[in-house]
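J.: Compute the structure for the input listed below.
(2 chains)
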Amino acid sequence: MAFKSRDTRAMIDRYRWWEVVAIYAGMFCFLFFLLSPFIEGFLVSLKPLAQLFSSPYRFWPENGTFAAYVSMWETVPGFARYVFNSFLISTISTCIVLLLVVPAAYAFARFDYRGMGLVLGGFLAVSMFSGAVLLIPLFRLMRTMGLLNTYFAMIIPGAAFLIPSAIWLLRTYMMRIPTELNEAAYMDGASQFYTFRRVILPIARPGIIVVAIVTFIGAYSQQFIFALTFNSKTEYMPLPIGLYAYFGKQEVIWNELMAASFVGIAPALVIIFFLQRYLVGGLTAGAVKQ
Amino acid sequence: MGQLSLKTVIKTFGDFQVVKGVSLDVTEGEFVVFVGPSGCGKSTLLRMIAGLEHTTAGDIVIDGKRVNDLPPVKRGIAMVFQSYALYPHMTVFENIAFPLRVEKAPEEVIRKKVAEAAAILHLETRLQQKPGQLSGGQRQRVAIGRAIVRQPEIFLFDEPLSNLDAALRADMRIELTRLHKQLGATMIYVTHDQVEAMTMADRIVVLNAGYIAQVGAPLELYHKPQNTFVAGFIGNPRMNFLPVTCTGVSAAGVEVDYQGQRLHLPVAPRPGIEGATLSLGIRPEHITLGAGEATLRITPSVVEQLGQQTIGYATLPGREETFCFVLPGTRVIEDDKPLDIGFAASECHLFDAEGQAFERSIDLAALTVPSAV
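T.: Residues are numbered from 1 along each chain as shown, chains lettered A, B, ... in the order given. Modelled structure (predicted):
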């Protein structure tokens, strides 16, 4: 058996063979547990509708077909709009979160001032509230501000809910950037903003990307509750609500629903795939002697 | 240009005073080294000069101008950090050019100055590499390059070689001494390494618990330490101290008694010390094998053979501290076997009960090479 990775080789050297087998078996079980709903969902999307209700239930599709991936667009003509809405809401939410969180996390990581612990504790406390608890006050707020049935009704609360955890995540990352870099830049005459822009931001990029991914996923998944409460217009509906269109009066078109689910998460996957390329570990290598 | 004066400088963190009223004058082009044990305030003092720490009281004056409230860049100083503090996402060129980009220097000026600095530091072939691709010594040279391009009046070094291995440290010591001669700038250097201090400094400032214990040329500190702290700190292994009784004072020096042996030390006499208990200091490297003007019978518990010298450690009867001796070359000495060692009175130091030294009658000028300046 050839091992390409030196890390894997080191692992093999460290453990007995049966320990390695147990580790891989554990990982496989975990992955299977994690991925099995997706696998079955994908297999369902390949089955003709009649086959889904046949008895006994068959796991593997017979005469599998991608027909549902074509017919889903005809069943729900506005589906593309739902995907676009989801994408738009998540992207804008992520941009707002990053715009506010990056400088805030830097300030929390670098400056020491009276009451900082209290503010950080406050962020942690509010992030513990479930969105559902705050829905009624938020509804009144959105109505007062005239934002009901707009994109903003889903973007603003969504971003607000994601900010506290993002601040904590990025602050922790930024605290690991050596303070000597700030001092060196200060010695060289750089202003706080110049240091932030030219030194800290590039070094913090992997941390910012992680926050962007986590926020985007969070924004994508939490749209359901806000869309259901603050929006009744079809043209602003995001994907999670749009999927309900496949629940007909007589039946649920399961294969198209599953196909639509996979198509719907595709933009998110593309974004994550694109961003993860920038998750370069060890970017601070050589900055300071550890 | 490049003169620095510290006037009763104090630094307090909360209720804790780290620097306790330090006064010092550094002349233009001088290489001054701050040494002292951990926590003595040497790095804090350097950071105060740099402008990275607020000065609680006292004045920091550079070229006749009080700079306490000026940011580092307006003090005309540059600093090299112990940990290099390089920007990891930038190339060597961009790291060195950083201060010039901050001051918005024209591109051709940046290229010229970076090329000059790279030539001085032998970094010409590394300019497009990133810090992560460099060795420790090369990284430290980049950090020095970043300081050089600013053409400061004063360079500050905060233990710049302490992260390098022994061989590289020796090389960099020579390079820094050459650099000082080449640039002619004032340099203030913090270290806990005595070898660095002794080999590089024009003057050494020994700090102890926030105070200056002594300021002087390296050999002055070695031959004429003003107190037991400096005597013990300068020199490796550290000086041995033995309790002696003063038996007489004359114009030529002080006579002391150590366990029935009389030694006449050529030091500046003081009146009224007859009968007082004093402290006799003898450096390990001034001890010889066999009988001397004073002879001690010791039983070494540990013997270290380094080839070029033999170091022995013993405990004298009734004394807690270890007595150390260094003999040149390889000597056949066995552990736990008694032997006689001796020393000459002219090599000894004498300290009073407060630890203050009696000035030794040594002509330091005869020990130093006349300066070319």
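
J.: so where's chain A shaky on pLDDT?
T.: A:1-13, A:249, A:278-290 (pLDDT under 70).

J.: can you give me the strands in it?
T.: For chain A, applying DSSP state E gives no strands.

J.: what's the domain layout of it?
T.: A:6-65, A:73-276 (automatic domain parsing).

J.: what does chain B give?
T.: Split by automatic domain parsing, chain B gives B:4-229, B:237-358.

J.: Include distance to A:Gly122 and mean pLDDT when you put those into a markdown table, please.
T.: Where C-beta positions appear, they are placed from N, C-alpha and C, glycine not excepted. Shown next, in a markdown table, are the domains of chain B (distance: least, C-beta to C-beta, whole Å; pLDDT from 0 to 100):
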| stretch | distance to A:Gly122 | mean pLDDT |
| --- | --- | --- |
| domain B:4-229 | 27 | 93 |
| domain B:237-358 | 55 | 92 |
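
J.: And these: which comes nearest chain A?
T.: domain B:4-229 (3.1 Å; C-beta to the nearest C-beta).

J.: Report how many residues lie close to whatever residue of the stretch 51-200 of chain A ends up closest to chain B.
T.: Residue of the stretch 51-200 of chain A nearest chain B, by C-beta to the nearest C-beta: A:Gly189 (3.3 Å). Residues lying near A:Gly189 (other C-beta atoms under 10 Å in any protein chain shown) number 17.

J.: Equivalent analysis for the one 5 residues further on, please.
T.: Counted with other C-beta under 10 Å, the neighbours of A:Tyr194 add up to 15.

J.: residues from chain B in reach of chain A?
T.: Within chain B, the positions near chain A by C-beta under 8 Å from any C-beta of the partner chain are B:50-52, B:71-73, B:77-79, B:81-89, B:98-99, B:102-103, B:130-134, B:136, B:139, B:146, B:150, B:163.

J.: Mind giving me the ChimeraX select for the residues you listed, buried ones only?
T.: The buried residues among the residues of chain B next to chain A can be selected in ChimeraX (16 or more other C-beta atoms under 10 Å in any protein chain shown) with this line:
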select /B:50,51,52,72,73,77,78,79,81,82,83,84,85,86,87,88,89,98,99,102,130,131,134,136,139,146,150,163
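
J.: List the residues that contact residue 172.
T.: Because you didn't say which chain, this covers chain A. If you count contacts by C-beta atoms under 8 Å, 6 or more residues apart in numbering or on different chains, A:Thr172 has none.

J.: my bad, chain B
T.: Contacts were defined as C-beta under 8 Å, 6+ apart; by that measure B:Met172 touches B:137, B:140, B:160-161, B:164.

J.: can you pick the most crowded of these?
T.: Tallying neighbours with other C-beta under 10 Å puts B:Gln140 at the head of the contacts of B:Met172, with 29 neighbours.

J.: Can you tell me what sits against the helix or strand harbouring it?
T.: B:Gln140 belongs to helix B:136-148 when assigned by DSSP states H and E. Residues outside helix B:136-148 that contact it (C-beta under 8 Å, 6+ apart): A:184, A:188, A:286, A:289, B:78-81, B:84-86, B:92, B:95-96, B:98-99, B:114, B:116-118, B:120-123, B:126, B:131, B:134, B:155, B:160-161, B:163-165, B:168, B:171-172, B:175-176, B:179, B:183.

J.: Can you name the element that comes right after that helix?
T.: Following helix B:136-148 toward the C-terminus (DSSP H and E): strand B:154-158.

J.: How far off centre is that following strand?
T.: Offset of strand B:154-158 from its chain centre (C-alpha atoms, centre = their mean, to the nearest Å): 14 Å.

J.: repeat for stretch B:67-80
T.: 24 Å.

J.: any residues touching that stretch, and which ones?
T.: By C-beta under 8 Å, 6+ apart, stretch B:67-80 touches A:184, A:186-189, B:1-2, B:46, B:49-52, B:55, B:59-63, B:99, B:140, B:143-144, B:146-148, B:150, B:152-158, B:160.

J.: Pull up the distance across it, start to finish.
T.: Using C-alpha to C-alpha, to the nearest Å, the span of stretch B:67-80 from its first residue to its last is 20 Å.

J.: Quickly note the distance from B:Pro106 to A:Ala50.
T.: 76 Å (C-beta to C-beta, to the nearest Å).

J.: Which of the helices or strands spans the spatially closest residue to B:Val35 that is not a sequence neighbour?
T.: Leaving aside its chain neighbours, B:Val35 sits nearest to B:Ala197 (4.6 Å; criterion: C-beta to C-beta, 6 or more residues apart in numbering or on different chains). Using DSSP H and E, B:Ala197 maps to helix B:194-200.

J.: before we move on, back to that, so which of the domains of chain A is the most surrounded?
T.: Ranked by mean neighbour count, the domains of chain A are led by domain A:73-276 with a mean of 18 (mean count of other C-beta atoms under 10 Å in any protein chain shown).

J.: so B:Thr322 makes contact with B:Pro300?
T.: No - assessed by C-beta atoms under 8 Å, B:Thr322 is found out of contact with B:Pro300, at 10.1 Å.

J.: Which one's more surrounded, those two?
T.: Legend: neighbour count by other C-beta under 10 Å for B:Thr322 and B:Pro300, higher for B:Pro300 (23 against 15).

J.: Excluding sequence neighbours, find me the nearest residue to that one.
T.: Closest to B:Pro300 by C-beta to C-beta, 6+ apart is B:Gly312, at 4.0 Å.

J.: Doesn't the one you found lie inside a helix?
T.: No - looking at B:Gly312 with DSSP: H, G, I helix; E, B strand; the rest coil, it is strand, so not inside a helix.

J.: Wait, it touches B:Val302, no?
T.: Yes - using C-beta under 8 Å, B:Gly312 is in contact with B:Val302, at 7.2 Å.

J.: which neighbours do the two share?
T.: Contacts common to B:Gly312 and B:Val302, judged by C-beta under 8 Å, 6+ apart, are absent.

J.: which one of those two has more residues nearby?
T.: Taking other C-beta under 10 Å, B:Gly312 and B:Val302 do not tie; B:Gly312 has more neighbours (26 against 12).

J.: what about that one, distance to B:Leu100?
T.: 56 Å.

J.: what does A:Ile167 give?
T.: Look at A:Ile167 and B:Leu100: by C-beta to C-beta, they are 35 Å apart.

J.: what do you get for A:Tyr69?
T.: As judged by C-beta to C-beta, A:Tyr69 and B:Leu100 stand 58 Å apart.

J.: Of the domains of chain B, flag the one that's most buried.
T.: Counting by mean count of other C-beta under 10 Å, domain B:4-229 has the highest mean neighbour count of the domains of chain B, with a mean of 19.

J.: Excluding chain neighbours, what is closest to B:Ala213?
T.: Closest residue in space to B:Ala213, ignoring its immediate chain neighbours: B:Val206 at 4.4 Å, by C-beta to C-beta, 6+ apart.

J.: what's near enough to touch residue 189?
T.: Assuming you mean chain A. Shown in contact with A:Gly189 (C-beta under 8 Å, 6+ apart): B:71-73, B:99, B:102-103.

J.: think we crossed wires, I meant chain B
T.: Shown in contact with B:Tyr189 (C-beta under 8 Å, 6+ apart): B:31-34, B:156-157, B:160, B:176, B:196, B:200-201.

J.: just those residues now: which is nearest B:Val256?
T.: B:Ala201 (32.4 Å; C-beta to C-beta).

J.: Can you tell me the element the residue nearest to B:Ala213 falls in?
T.: Judged by DSSP H and E, B:Val206 forms part of strand B:203-208.

J.: neighbouring strands for the next helix or strand after that strand, and are they parallel or not?
T.: Once strand B:203-208 ends, the next helix or strand along the chain (criterion: DSSP H and E) is strand B:211-216. Strand pairing for strand B:211-216, using DSSP bridges, gives strand B:203-208 (antiparallel).

J.: where exactly do the helices run in chain B?
T.: B:42-50, B:92-102, B:107-120, B:136-148, B:166-183, B:194-200, B:218-223, B:228-233 (DSSP state H).

J.: Tell me which of these sits nearest to A:Ser93.
T.: helix B:92-102 (34.7 Å).
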